[in-house]
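J.: here are the coordinates; sequence isn't available:
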């Protein structure tokens with residue numbers, strides 16, 4: 001990527017936003033360049049990437065920022081910041097409702113973002129993409145709309161022991177409301193979900209299987225293709241929580257054949273306040289609206305309302321227009337870099353960090369699955385994770401300490417919390433060294 005200007009003048013940054021018309025995405029999730037080479041074939045220049053992220057150039061407590069909390073929320077490149085700024089400065093208006101230029105322009109940019117998401121996921125139709133406030137809201141939408149319309153007392157929803165609270169609580173709420181049965185596929189000592197355990201819990205009463213593709217707490221990569229096939233063979237629909245996976249690997253919802261797929265913009269180097277629900281057209285068509293209001297109707301009288309076609313039926317009220325536009329810019333950014341190259345860089349960081357942290361005598365890594373994304377969750381004997389995080393923060397290192405919205409995972413491993421370092425496309429091996437040295441400092445301070 002091109003280097004960011006030191007003073008960060010916004011109008012200069014706009015010139016660096018990829019030209020939509022120049023992007024041709026291949027199966028390797030890389031951009032086809034003018035010379036015929038894929039971006040996946042180009043060397044990964046992490047320092048050039050870092051130059052695109054203004055916040056990485058700031059000091060924290062007198063030290064250079066080492067941001068290792070990307071699994072919670074990724075930092076934003078200048079291209080994404082500029083996309084949102086320019087929308088407000090140049091094209092802002094409400095969408096779908098005005099005949100004047102700005103409203104038409106805003107509507108075009110909003111729907112262009114939908115097209116980018118559809119291409120990013122390889123959805124069959126653009127109208128299979130519903131913008132939500134977050135992945136959490138997308139799951140709640142499915143629970144409320146699909147769940148209440150198509151599940152009944154005694155029907156089963158199958159999840160796994162690795163799930164984020166966002167993929168647990170909505171189903172518990174549905175259980176309290178409707179009397180469904182919530183079943184949980186167990187995880188083993190490595191933090192994996194054995195396929196045979198998942199398959200064993202499927203039954204003729206299973207109506208939906210909902211599971212993450214990557215664990216936010218441990219980084220475990222689940223065999224979602226096999227799980228989806230098994231669930232479909234049992235007659236169940238499938239929801240995949242791709243919040244932690246879309247940022248690390250290519251996603252093809254048609255190849256996965258999942259019925260629903262969700263993710264959040266802010267973990268994809270995009271803005272907060274925007275999420276995505278992908279759903280197969282036939283399912284979304286058959287599901288009732290999640291909320292009522294403006295823009296989701298075809299006609300309204302005091303006697304009857306008829307609803308708009310997809311995707312408007314599920315997008316009541318004024319949506320997060322600027323955030324959707326910026327999410328489109330984030331997808332452009334990742335596509336330009338190439339997800340294969342990003343994944344290879346992050347895998348190398350994870351290997352190096354695992355090696356460095358494993359050398360710390362009293363440190364134990366929690367979650368040692370054979371297939372992991374770039375997350376390291378750990379405990380240090382005799383030291384509370386919050387104390388670890390405070391000491392690391394004093395050295396400019398940002399990590400997450402707590403239960404990571406995955407309390408059942410913590411209970412499975414007999415801990416109240418862990419410290420989690422999660423790596424993104426902008427992290428370096430030198431930052432891993434800073435983390436390891438800071439943890440050695442923690443060990444020296446607290447352990448006698």
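T.: Looks like it arrived, so ask away. Being a predicted model, the structure only gives us computed values, none of them experimental. Numbers count the residues shown, from 1 in each chain.

J.: what bits of the stretch 1-150 of the chain have low per-residue confidence?
T.: Within the stretch 1-150 of the chain, the stretches with pLDDT under 70 are 1-41.

J.: and the nearest residue to residue 202 once chain neighbours are set aside, how many residues sit next to it?
T.: Nearest non-adjacent residue to residue 202, counting by C-beta to C-beta, 6 or more residues apart in numbering: residue 234, 4.0 Å away. (Each C-beta comes from the backbone N, C-alpha and C, glycine too.) By the criterion of other C-beta atoms under 10 Å, residue 234 has 18 neighbours.

J.: ok, now residue 386?
T.: For residue 386, using other C-beta under 10 Å, the count is 12.

J.: now swap in residue 164 and tell me
T.: 22.

J.: For residue 264, see how far away it is.
T.: 11 Å (C-beta to C-beta, to the nearest Å).

J.: Nearest residue to the middle of the chain?
T.: residue 243 (2.5 Å; C-alpha atoms, centre = their mean).

J.: in stretch 101-120, what counts as buried?
T.: Residues 103, 105-107, 109-111, 113-114, 116-118, 120 are the ones in stretch 101-120 that count as buried (16 or more other C-beta atoms under 10 Å).

J.: How about stretch 270-277?
T.: For stretch 270-277, the neighbour count (16+ other C-beta under 10 Å) marks 270-277 as buried.

J.: In JSON lines, list those residues along with secondary structure.
T.: Below are these laid out as JSON lines (DSSP: H, G, I helix; E, B strand; the rest coil):
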{"residue": "270", "secondary structure": "coil"}
{"residue": "271", "secondary structure": "coil"}
{"residue": "272", "secondary structure": "coil"}
{"residue": "273", "secondary structure": "coil"}
{"residue": "274", "secondary structure": "coil"}
{"residue": "275", "secondary structure": "strand"}
{"residue": "276", "secondary structure": "strand"}
{"residue": "277", "secondary structure": "strand"}
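
J.: Which parts of the stretch 1-150 of the chain are strands?
T.: Taking DSSP state E, counting those that start in this stretch, the strands of the stretch 1-150 of the chain run over residues 59-60, 63-64, 66-67, 129-132.

J.: and residue 193, how many residues sit next to it?
T.: By other C-beta under 10 Å, the residues close to residue 193 number 26.

J.: Quick check: the gap between it and residue 326.
T.: In terms of C-beta to C-beta, residue 193 sits 34 Å off from residue 326.

J.: thinking again about what came up before, quick check: of the buried residues of stretch 270-277, which lies closest to residue 385?
T.: Relative to residue 385, the closest of those is residue 272; by C-beta to C-beta it sits at 24.7 Å.

J.: what's the pLDDT at the closest residue to the closest one other than its chain neighbours?
T.: Closest residue to residue 272 apart from its sequence neighbours, by C-beta to C-beta, 6+ apart: residue 266 at 4.4 Å. The model reports residue 266 with a pLDDT of 98.

J.: isn't residue 266 right next to residue 70, touching?
T.: No. Counting by C-beta atoms under 8 Å, residue 266 stays clear of residue 70, with 10.3 Å between them.

J.: picking up where we left off before, residue 394: which of the buried residues of stretch 270-277 is nearest?
T.: For these, the closest approach to residue 394 (C-beta to C-beta) belongs to residue 272, at 26.9 Å.

J.: give the contact list for the closest one.
T.: Listed by C-beta atoms under 8 Å, 6 or more residues apart in numbering, the contact partners of residue 272 are 73, 265-266, 323.

J.: Mind putting the residues you listed into JSON lines with secondary structure, distance to residue 182 and neighbour count?
T.: Formatted as JSON lines, the contacts of residue 272 follow (DSSP: H, G, I helix; E, B strand; the rest coil; distance: C-beta to C-beta, whole Å; neighbours: other C-beta atoms under 10 Å):
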{"residue": "73", "secondary structure": "coil", "distance to residue 182": "28", "neighbour count": "15"}
{"residue": "265", "secondary structure": "coil", "distance to residue 182": "28", "neighbour count": "31"}
{"residue": "266", "secondary structure": "helix", "distance to residue 182": "28", "neighbour count": "23"}
{"residue": "323", "secondary structure": "helix", "distance to residue 182": "32", "neighbour count": "24"}
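
J.: and which of those is nearest residue 364?
T.: Nearest to residue 364, judged by C-beta to C-beta, of these is residue 73 at 26.1 Å.

J.: just checking, that closest one touches residue 267?
T.: Yes. Between residue 73 and residue 267 there is a contact under C-beta under 8 Å: 6.3 Å.

J.: residue ranges of the helices in the stretch 1-150 of the chain, please?
T.: Remark: helices assigned in the stretch 1-150 of the chain by DSSP state H, counting those that start in this stretch are 10-14, 46-50, 78-86, 101-121, 135-142, 148-150.

J.: Figure out which of those helices is closest to residue 336.
T.: Residue 336 lies closest to helix 78-86 among these, at 8.8 Å (C-beta to C-beta).

J.: Now do the closest one: distance to the chain's middle.
T.: Centroid separation for helix 78-86 versus its chain: 20 Å, with C-alpha atoms, centre = their mean, to the nearest Å.

J.: Same check on stretch 66-84?
T.: Centroid separation between stretch 66-84 and its chain, computed with C-alpha atoms, centre = their mean, is 13 Å.

J.: now do stretch 299-307
T.: Here the centre of stretch 299-307 is set off from its chain's centre by 36 Å, with C-alpha atoms, centre = their mean.

J.: same deal with stretch 383-398?
T.: 25 Å.

J.: Residue 359: which of the helices of the stretch 1-150 of the chain is closest?
T.: Of all the helices of the stretch 1-150 of the chain, helix 46-50 sits nearest to residue 359, with 23.3 Å by C-beta to C-beta.
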